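Q: sequence and predicted structure are below.
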Amino acid sequence: MFTAKDFIPTNYSKTIEQGNFQWTAPSNIALVKYWGKKDNQIPANPSVSFTLNNCKTITKLAFAKKEISTVLNETGEKFSFDLLFEGKPKEDFKPKIQKFLERIEIYLPFLKDYHFTIDTENTFPHSSGIASSASGMAALAMNLMRLEKELNPNMTENYFYQKASMLARLGSGSACRSIKGEVVVWGNHNNISGSSELFGVEFPNIIHDVFKNFQDTILLVDKGEKQVSSTVGHDLMHNHPYAERRFAQAHENLDKLITIFENGDLEEFIKIVESEALTLHSMMMTSMPYFILMKPNTLEIINAIWKFRNATKIPVCFTLDAGANVHVLYPNKNKEIVLQFIQSELVGYCQNGQYICDEIGTGAVEN
Ligand code: PMV
């Protein structure tokens, strides 16, 4: 069994003075939700997600070796880096990156040897209510692994992607599912071989063709700042009256999805996916303190989807993140009619009529 220690390198065979890389990493949408964690970003239950294709972060990492690696810079920071968002310095993102670098330093001992310029942008509109932490941390982790690969060119492809996912996890849990593969599992599950709580793995079993190019149209109901940060949210599961039952349910739902992915039973798929979304929100409503993250328009959309599905028998369903926006999931072959339905009946519930068309993608790429 893998342990985190396996990702601590011994020594590097190569050196590199300076250079730059650029990686693009997508967001992902969980079908079985990760909600609740132990120390070191270890999930309390396994989760599975579809990797997205269009909602992405593009991050360029420039690096240059410093003269003396251990000298603290003037502000007393351990790491030397500049952070640019859409080409402009963004000071308020720096503490998060600083914390991330501190957490991963043990796995990437070269970090203090370099000055980094991290230049990042998202393909989705800023403050759209779509979290960029998954795609952002995944893109940064890929760049840092790319640099480690220069120092250790013999690393295997498996090690490269697993470690990238592990590093991303330490930035933001769900980011570990944004590295590689269309359907990604994170967390130990008895019946999914290779599953790990340290990193995300591609779902290893058969996936029915009906899930090919599965569509996710994201309806932007509320673009405001998150009411509950995910750190606070996960903490709500400590001493939560229903926590243990919920964690067991996630295992059961993943078991059901293994069969559903194989036989393509969309009716059963919808039951699991919608129940997971509502369970996530129920956990928030029944914690102390308690929160309602759905907005009236979230419910309007859910009801409209149910009505449409009942009337047409088209297998369209919804899922939710820890917020008010709605992800509308449906097979590629129903794209035209579902988009028509969204445009005629759901757009009115979106803030400024905004929505984003996305679909299943394959993971991070170097560009
Ligand atoms: O990665 P975090 O810590 O922001 O948590 C994300 C949690 C959910 O998006 C609500 C569910 C999930 O599995 O992605």
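A: Good, I have the coordinates.

Q: contacting residues for Ser135?
A: Ser135 makes contacts with Ala25, Pro26, Ser27, Cys55, Lys56, Thr57, Asn122, Ala175, Ser178, as judged by CB atoms under 8 Å, 6 or more residues apart in numbering. Just so you know, the C-beta spots here come from the backbone N, C-alpha and C atoms, and that holds for glycine as well.

Q: so what does the host helix or strand of the fifth one touch, helix or strand wise?
A: Read it as Lys56. Assigned by DSSP states H and E, Lys56 falls within strand 47-65. Strand 47-65 makes packing contacts with strand 18-32, strand 114-122, helix 133-151, strand 183-186, strand 215-219, helix 243-263, strand 355-359 when contacts are defined by 3 or more CB pairs under 8 Å, 6 or more residues apart in numbering; DSSP states H and E.

Q: check the stretch 251-367 of the chain for the residue nearest the ligand and tell me.
A: Of all residues in the stretch 251-367 of the chain, Ala322 sits closest to the ligand, at 4.0 Å by CB to the nearest ligand atom.

Q: for that residue, helix, strand, or coil?
A: coil (DSSP: H, G, I helix; E, B strand; the rest coil).

Q: what angle separates the strand holding Lys56 from strand 355-359?
A: Counting by axes from the mean of the first three to the mean of the last three CA atoms, to 10 degrees, strand 47-65 points 90 degrees away from the direction of strand 355-359.

Q: tilt between strand 47-65 and strand 18-32?
A: Using the same axes, to 10 degrees: strand 47-65 against strand 18-32 is 170 degrees.

Q: buried residues in strand 47-65?
A: 47-53, 55-63 (16 or more other CB atoms under 10 Å).

Q: what do you get for stretch 307-326?
A: By 16+ other CB under 10 Å, the buried positions in stretch 307-326 come out as 308-309, 314-326.

Q: contact partners of stretch 195-211?
A: Contacts of stretch 195-211 (CB under 8 Å, 6+ apart): 2-4, 42-43, 46, 48, 162-163, 165-166, 169, 176-189, 192-194, 258, 261-264, 266, 331, 360.

Q: is that stretch anywhere near the ligand?
A: No - Stretch 195-211 stays clear of the ligand (CB under 6 Å from any ligand atom), getting no nearer than 10.7 Å.

Q: where does the chain come near the ligand, residue by residue?
A: 30, 33-35, 47, 133, 172-174, 230, 280, 321-322.

Q: pLDDT added to the residues you listed, as JSON lines?
A: Listed next are these as JSON lines, based on pLDDT from 0 to 100:
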{"residue": "Ala30", "pLDDT": "98"}
{"residue": "Lys33", "pLDDT": "98"}
{"residue": "Tyr34", "pLDDT": "98"}
{"residue": "Trp35", "pLDDT": "98"}
{"residue": "Ser47", "pLDDT": "98"}
{"residue": "Ser133", "pLDDT": "92"}
{"residue": "Ser172", "pLDDT": "96"}
{"residue": "Gly173", "pLDDT": "97"}
{"residue": "Ser174", "pLDDT": "97"}
{"residue": "Ser230", "pLDDT": "87"}
{"residue": "Leu280", "pLDDT": "98"}
{"residue": "Asp321", "pLDDT": "94"}
{"residue": "Ala322", "pLDDT": "93"}
